[in-house]
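**Student:** Take a look and give me a structure for this.
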Amino acid sequence: MIKVLTLNVGQLKFPLGKGKRNNRALMLANILNKEENPYDVICFQELFRGNAQDILVRWLIDKYPYYRVDRSRGKYLIGANSGLAIFSRHPIIRDIKHQFTVWGGVENFAKKSVWGVEIAVEETKTYIFTTHLQTGLSGTPCICKLIDRNKLTSTELKTQQLEEIKNVMKEFVGEGDNVLLMGDFNIKDTSDLYQTMHEKFSSVRIMDTFATEESDLQSTAIGEDKRIDYIWSDGAGDSIIVDDFRSTPEITDHRGVVGFV
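**Tutor:** Here you go, the predicted structure:
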């Protein structure tokens, strides 16, 4: 059994997002280092800022010596990378990163992607994928809409991104291995698109781990009664999801989702 965490850390470039960015990164690193039962793998989203990346790598490297952090240059000089990062206590054997071919609105300025790694845990191959799907398009500044490539709705964009994730997973994952997909999907569990997720991933054995009766996590967006962050697993019946990362209002606007799989 491995313990995993996914968390949107809200490390957006100034002036977007929550302030005190370096302080929030240090607080997060301090909490993670104090974990008596440390996570085997941590996946972050919205880790866009180089300073925050440096802080987390510097303070977590002793406990998580294997990591992947997107340090690529952002789009159009002022844009951002994918914001994805993976920290592991176990060796990363190989990885795969795919930048989505469709996006819209403010996402024109970020390299939104899915990133997967293969790790070896007790002689068992485990595949961990993390992603951050398209956010909503309402309220998007006009300049962002003007440069949209596809003119698709938010739902259409996320549906296509889910399809691309499925294809990446099928390409990368071996037969009979453990698979986890986690991140910020920007999809409410009460929406029609949530059902689409189930349909997309049925062919790769992925199920929503929130289906387990042990889960008491009802919201992942702080201040709102909704779930948009998920851990999907190929063995959801044996998975337990808990929300034990309740200090996050001081760190970001998401609750961390913790899984024992």
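**Student:** Strands along the stretch 151-261 of the chain, start to end?
**Tutor:** Assigned by DSSP state E, counting those that start in this stretch, the stretch 151-261 of the chain shows strands spanning 178-184, 207-208, 229-233, 240-242, 257-260.
**Student:** Output the longest one as CSV, nothing but the C-alphas.
**Tutor:** The one in question is strand 178-184. C-alpha atoms of strand 178-184 as CSV (Å, rounded to 0.1, in the frame of the first residue of the first chain):
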residue,chain,number,x,y,z
ASN,A,178,-1.0,-0.2,-10.5
VAL,A,179,-2.3,3.0,-12.0
LEU,A,180,-3.2,6.3,-10.3
LEU,A,181,-4.5,9.5,-12.0
MET,A,182,-4.8,12.5,-9.8
GLY,A,183,-5.0,16.3,-10.0
ASP,A,184,-7.3,19.3,-10.4
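**Student:** Name the residues that touch that strand?
**Tutor:** 4, 6, 8, 41, 43, 45-46, 84, 124-133, 165, 169, 173, 201, 204-206, 228-235, 254, 257, 259, 261 (CB atoms under 8 Å, 6 or more residues apart in numbering). All C-beta atoms are positioned from the backbone trio N, CA, C, and that covers glycine.
**Student:** now that strand against strand 229-233, angle please.
**Tutor:** 170 degrees (axes from the mean of the first three to the mean of the last three CA atoms, to 10 degrees).
**Student:** Centre of the chain to strand 178-184, how far?
**Tutor:** Centroid displacement of strand 178-184 relative to its chain, using CA atoms, centre = their mean, to the nearest Å, is 8 Å.
**Student:** Please apply the same query to the shortest one.
**Tutor:** The offset between the C-alpha centroid of strand 207-208 and the centroid of the whole chain comes to 15 Å, using CA atoms, centre = their mean.
**Student:** partners of it in the sheet?
**Tutor:** Next to strand 207-208 in the sheet, as set by DSSP bridges, lie strand 229-233 (antiparallel).
**Student:** buried set for the partner strand?
**Tutor:** 229-233 (16 or more other CB atoms under 10 Å).
**Student:** and of these, the nearest to residue 71?
**Tutor:** residue 229 (23.6 Å; CB to CB).
**Student:** who's in contact with the closest one?
**Tutor:** 6-8, 182-185, 220-221, 254-255, 257.
**Student:** Could you rerun that using 7 Å?
**Tutor:** 6, 8, 183-184, 220, 254, 257 (CB atoms under 7 Å, 6 or more residues apart in numbering).
**Student:** Quickly note the distance from it to residue 73.
**Tutor:** 27 Å (CB to CB, to the nearest Å).
**Student:** Repeat that for residue 188.
**Tutor:** Residue 188 is 33 Å from residue 73, by CB to CB.
**Student:** Between those two, which has more neighbouring residues?
**Tutor:** residue 188 (15 against 10; other CB atoms under 10 Å).
**Student:** Tell me how many other residues crowd the nearest residue to that one once chain neighbours are set aside.
**Tutor:** Once flanking residues are discounted, residue 188 sits nearest to residue 226: 5.0 Å by CB to CB, 6 or more residues apart in numbering. Other residues lying near residue 226 total 14 when counted by other CB under 10 Å.
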